[in-house]
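Asks: I would like the atomic coordinates for the input below:
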Amino acid sequence: MNENLRPVAIHEAGHSYMAWRTGRRVGPVTIRPGTVAAGVSHFDPPQLTSRERERLDLQAPYLLWPAAVRHKIDTDAMVTAAGHEAERTLRRTTAARRVGDTAAEAAAQIAAAKPPTRNEERLLALSRAAADPRSDDEHLAALMRLVAPTDIATGTAWLNHITAQARAVLRAGAPAVYRLTEALLEHKDLSGRAVCAILRPAP
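Replies: This is a model prediction of the structure:
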């Protein structure tokens, strides 16, 4: 049963690891199937403010947009891309699994972390009932259209660059991703604090 959930766990671990690695606030994660998604990871996205959107010159090349805006978009894309990239780059990487800690080795970290807060329990319940109907691919496509509304070649080049960055970060963090994967397979739900405790390097 757990092996059937392994791709889901790796996928969600990829999202959570990338969110944590890029400084986002990580929330609870579940690999219990919902009505829309097989699993859900929560993190605070760096949403563009209405003021930032209003001030964007969509006719200007993306590289000329404000750096803070590009950082928000690039980070959002990297976190989104990380799910698929975790499956593609880590699922069959036995070397990464060998150096990764097992769920048993992460047990103390999980036990030390506080359980889900009331708000996290609400988020987990919502995740199992319904989720954002957009898939990762659809979200990336929307971001690509924002970056290059009329130039498919430029948008594709940007997305390839983002994907390569996500893949490099995940390969470097393979032990942490596998540690989180094993913990998800063991517990199915993890609080944001537990996720951070598992991903934090040992002292």
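Asks: got a list of contacts for the helix or strand harbouring Glu52?
Replies: Element membership for Glu52 (DSSP states H and E) is helix 50-55. The contact list for helix 50-55 (C-beta atoms under 8 Å, 6 or more residues apart in numbering) reads Pro66, Ala68, Val69, Lys72. C-beta here means a position set from N, CA and C on the backbone, and glycine is covered the same way.
Asks: if we use 6 Å, what do you get?
Replies: Val69 (C-beta atoms under 6 Å, 6 or more residues apart in numbering).
Asks: pLDDT of it, averaged?
Replies: For helix 50-55, the mean pLDDT works out to 87.
Asks: chain center to that helix, what's the gap?
Replies: 25 Å (C-alpha atoms, centre = their mean, to the nearest Å).
Asks: please save the CA atoms from that helix in PDB.
Replies: This file holds the C-alpha atoms of helix 50-55, laid out as PDB (Å, rounded to 0.1, in the frame of the first residue of the first chain):
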ATOM      1  CA  SER A  50      -2.800  44.200  -6.900                       C
ATOM      2  CA  ARG A  51      -0.500  47.200  -6.900                       C
ATOM      3  CA  GLU A  52       2.400  45.100  -8.400                       C
ATOM      4  CA  ARG A  53       0.100  43.700 -11.100                       C
ATOM      5  CA  GLU A  54      -1.200  47.200 -12.000                       C
ATOM      6  CA  ARG A  55       2.300  48.600 -12.400                       C
END
